[in-house]
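Colleague: From the sequence below, what's the structure:
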Amino acid sequence: MYFNHQFICRKFSSLRQTEVSSPSSIKTLVQQGKHFQALELYSKTPHSPLNTTKLTFPSLLRACASLSNLHHGRTIHASIVTMGLQSDPFIATSLISMYMKCGLLRSALQVFDKMSESGESGDSAPPDITVWNSVIDGYFKYGHFEEGLAQFCRMQGLGIRPDGYSLSIVLGICDQLSWYMMAGRKIHGYIIRNMFEGDPYLETALIGMYSSCSRPEEAWSLFGKLENRSNIVAWNVMINGFVQNGMWAKSLELFSLAKNESCKLVSASFTGTFTACSHGGVLDFGRQVHCDAIKLNFQDDPYVSSAILTMYAKSGSVEDAKKVFDQVLGKEVELWNAMVSAYIGNGHAYDALRLYNRMKEGEIPVDSFTISSLLSGCSVVGLYDFGRTVHAEIIKRSMQSNVAIQSSLLTMYCKCKSTEDADLVFRTMKERDVVAWGAMISGFCQNSRFKDALDLFRAMETEAVKADSDVMASVINAGLGLENAELGRLIHGFAIKRGLELDVFVACSLIDMYSKFGFAESAEMVFSYMPNKNLVAWNSMISCYSRNGLPGLSISLLPQILKHGFNLDSVSITTVLIAVSSVAALLKGKAVHGYQMRLQIPSDLQVENALIDMYVKCGCMKYAELIFEDMPRRNIVTWNSIIAGYGSHGKCEEAVRLFEEMKKLETSPDEVTFLALITSCSHSGMVEEGLKLFRSMKIEYGIEPRMEHYTSVVDLLGRTGRLDDAYRFIQDDMAIEADRSVWLCLLFACRAHRNMELGKLAAENLLMMEPARGSNYVPLVNLYGEVEMWDRAANLRATMKERGLKKSPGCSWIEVKNRVDVFFSGDSSSPWRIDIHETLSSLKRNMERKGCSYEEIEVC
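Modeller: Below you'll find the predicted structure:
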């Protein structure tokens, strides 16, 4: 009986061993995500390589890739070579994929090259399309886009025709190329020529490509032509495409349309929509989508729950985000990370630290994203001590060798203005990739250590690390920070040598640099050479023209942007409105405002402030008031704009009333607020109120007066004829030495009130400061004329002529029929000069006929 029992046990053990070590068992474990158990089973099997069929190796390699277990991967690779299976296309593809996911591109390429050599010699079949796809995809994943495309072309040269997957992965990286739009259109043409149309994967990839290349209209056009409207993947890509291009309202409309067309929504449908809600600031719509997610039982999906939490967090509703977090039972690490980010993004850094401690206590696996989120939060909020605590945790967990975490540490210390700590971390790094170099160079620039940034860039070049567009943009900013235009041009030349000048990011930095140096033509040249201009480039050029006194050109770019198929964003609107304000082109301003309302471009604080400023400067105080009253949020810029508006329109009492209202709402005034208020009082003759405000500025708010404030007080006193008080104020009350603007203001007041003695004194101070400036002589000449001292006026004019001094001509402009015409004093180059002179002569004759004098006309 014992014998029989022993025999049965031995037999059962043998059967159990055979079952467990069978290829199907390993494959099943891998399919179930039990990668560690699959590798353990393989390693425990006696003579495992010999007892393993070639069908098992792809599953084992997939397990190694998922666990990033390079040791097991290399062991299995050796077994494959021993068994002569390295040329099998399925095994070769799995090997390449394993090495790629373990971060060894070189080893993956070695497998591919050996397979290619065997194919060329006839020892085995050459790599098929599946293997080529793995290699091309690997190049792209590691950022080697040009090399990956070269392999794609080489594959076709060898007569291997791309399949749908090949084309999909190439379309996926088009936005990473400097000539991205051309590459995308070429692939699109290839798809049409080779009858790939109708392939749902390629159609979706094309929609994604056009969206990522800032061509949402073309993506939408393709989406509209889809035959299979039930393809929810295409809907999701289009929703995310609108999100990528800042068209939040469109993405929400598309989600609603997908629901109405009874498409089967998946988790990706909700994640994209929640992202649109968080960026578009439509929390109420987000709550409705949250209800939809609950109805369809997606509330526990890790991606959806993280997206819901993030939406509430970005909307400032941390309590709602916490409720979502608490309601999810099986919390994945992604949800913990999202909650950490939510706390940090809303200024609750210590709550984030407590949550991090809970993660440790609950043995939740902390990953590099958790640490990076904490460090990112420290960067944004400027929590240096908290950042050092996280750094200590990194050292305890032996994560300091992770390059991504080290780069986050560099950024955190630089943002917290501790470049010494950042430099220390940087010098202890054993491996420095281009991201680490870029973070350190950018950090030096942020802390105004521009020379150190350039020195580090030279060291980077010495170590043969190839600069990317981010690094190049930081170097351009360093040249700008040093205020060295010649150095800026040299950096531009270096960018051309490196082939980076056509990169959108680099080109925009160059435009900004030339703009701030005052070289609008050079900026225009960079812009014209850009093969693919995105909206950021157009915005940079609008800003360049506006900054360099060319508002007309700035405004003229607006229709060109629309012509090129771009939708304006809030930055475009704000920048154009600034240009409109500078020339008071009301009709154009209204057109821009109307465009913004029709297309529902998100109206953020910057846009609303720019609209108020534009309407104020165009004389439409009523419209400025309406925008101000409808604003849900107001910052100090808003209050300053409307207060200055009332002041410039002679409504000083209203300006002071708004100041009092602003104080009640606990918005602290700044130096611009007081400048606007004192100027308002000056225009309305409210001297005592203006002086009271000036005194309260320093006593109550601790704001040191600047030269502009002193000038405004002199103007305040001078306008009402209190010239002696104005002079005493300059002599006794100014904490800094008076500059040209103060003495010029006093001189104008003396001319208005015909005070020859003080006027001459002011003029002497003015001429002592800038004897070579012609415009300084003109007010004194006019003063002599006012008091009929013609000989002195003539002598002063003779002196000006003798020294070759001239006053810059006055300038005025008028907007007629959507066109702004500018006129300079003494200039006869206007194409309308004959019509203008004829009209003036006609008006003069009419006035003479009716017995009007010029003085009466001026009063009217």
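
Colleague: Tell me how far Leu611 lies from Val576.
Modeller: 11 Å (C-beta to C-beta, to the nearest Å). Just so you know, the C-beta spots here come from the backbone N, C-alpha and C atoms, and that holds for glycine as well.

Colleague: Correction: the previous question concerned Ile601.
Modeller: From Ile601 to Val576 the distance is 12 Å (C-beta to C-beta).

Colleague: out of the two, which sits in the busier spot?
Modeller: Neighbour count, other C-beta atoms under 10 Å: between Ile601 and Val576, Val576 has more, with 29 against 19.

Colleague: Test my guess that that one contacts Ser556.
Modeller: No. The pair Val576 / Ser556 is not scored as a contact, 10.2 Å apart, by C-beta atoms under 8 Å.

Colleague: any weak-confidence spans in the stretch 501-650 of the chain?
Modeller: The stretch 501-650 of the chain contains residues with pLDDT under 70 at 602.

Colleague: actually the stretch 1-150 of the chain, sorry about that
Modeller: Scanning the stretch 1-150 of the chain for pLDDT under 70 picks out 1-24, 45-52, 119-125.

Colleague: tell me the centre residue of this protein?
Modeller: When C-alpha atoms, centre = their mean is applied to the chain, the residue found nearest the centroid is Val536 (8.6 Å).

Colleague: ok, that one - contacts?
Modeller: The contact partners of Val536, taken as C-beta atoms under 8 Å, 6 or more residues apart in numbering, are Val504, Cys508, Val571.

Colleague: Make JSON lines from those residues and add secondary structure, neighbour count and distance to Lys692 to it.
Modeller: Below are these laid out as JSON lines (DSSP: H, G, I helix; E, B strand; the rest coil; neighbours: other C-beta atoms under 10 Å; distance: C-beta to C-beta, whole Å):
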{"residue": "Val504", "secondary structure": "helix", "neighbour count": "21", "distance to Lys692": "53"}
{"residue": "Cys508", "secondary structure": "helix", "neighbour count": "24", "distance to Lys692": "47"}
{"residue": "Val571", "secondary structure": "helix", "neighbour count": "19", "distance to Lys692": "40"}
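
Colleague: for these, which one is nearest Gly565?
Modeller: Val504 (15.8 Å; C-beta to C-beta).

Colleague: Could you double-check that the closest one lies in contact with Asn534?
Modeller: Yes. In this structure Val504 lies within contact range of Asn534 using C-beta under 8 Å: 5.3 Å.

Colleague: right, and Ala307 touches His279 too?
Modeller: No. Ala307 lies out of contact with His279 (C-beta under 8 Å); the separation is 11.9 Å.

Colleague: what about the two, which has more around it?
Modeller: Shown here are Ala307 and His279; by other C-beta under 10 Å, Ala307 has more neighbours (27 against 16).

Colleague: Compute the distance between the more buried one and Asn236, please.
Modeller: Applying C-beta to C-beta, the value for Ala307 to Asn236 is 12 Å.

Colleague: next one: Leu29
Modeller: On the measure of C-beta to C-beta, Leu29 and Asn236 end up 31 Å apart.

Colleague: Neighbour count: the two, which is higher?
Modeller: Asn236 (26 against 21).

Colleague: I'd assumed Ser269 was in contact with the more buried one.
Modeller: Yes. Applying C-beta under 8 Å as the test, Asn236 and Ser269 come out as touching, 5.3 Å apart.

Colleague: Count the neighbours of Cys445 for me.
Modeller: Counted with other C-beta under 10 Å, Cys445 comes out at 22.

Colleague: gap between it and Phe527?
Modeller: 23 Å.

Colleague: Then Ala321?
Modeller: Distance, Ala321 to Phe527, using C-beta to C-beta: 42 Å.

Colleague: repeat for Ile239
Modeller: 32 Å.

Colleague: helix or strand for the residue nearest to the centre of the chain, which one?
Modeller: helix 535-547 (DSSP states H and E).

Colleague: Off-centre distance for that helix?
Modeller: Relative to the centre of its chain, helix 535-547 is centred 14 Å away, using C-alpha atoms, centre = their mean, to the nearest Å.

Colleague: Just the CA atoms of that helix, as CSV, please.
Modeller: This file holds the C-alpha atoms of helix 535-547, laid out as CSV (Å, rounded to 0.1, in the frame of the first residue of the first chain):
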residue,chain,number,x,y,z
LEU,A,535,1.0,80.3,-33.3
VAL,A,536,3.8,81.1,-30.7
ALA,A,537,6.0,82.3,-33.6
TRP,A,538,3.2,84.6,-34.9
ASN,A,539,2.6,85.9,-31.4
SER,A,540,6.3,86.6,-31.0
MET,A,541,6.4,88.6,-34.2
ILE,A,542,3.3,90.7,-33.2
SER,A,543,5.0,91.4,-29.9
CYS,A,544,8.2,92.4,-31.7
TYR,A,545,6.6,94.9,-33.9
SER,A,546,4.6,96.4,-31.0
ARG,A,547,7.7,96.7,-28.8
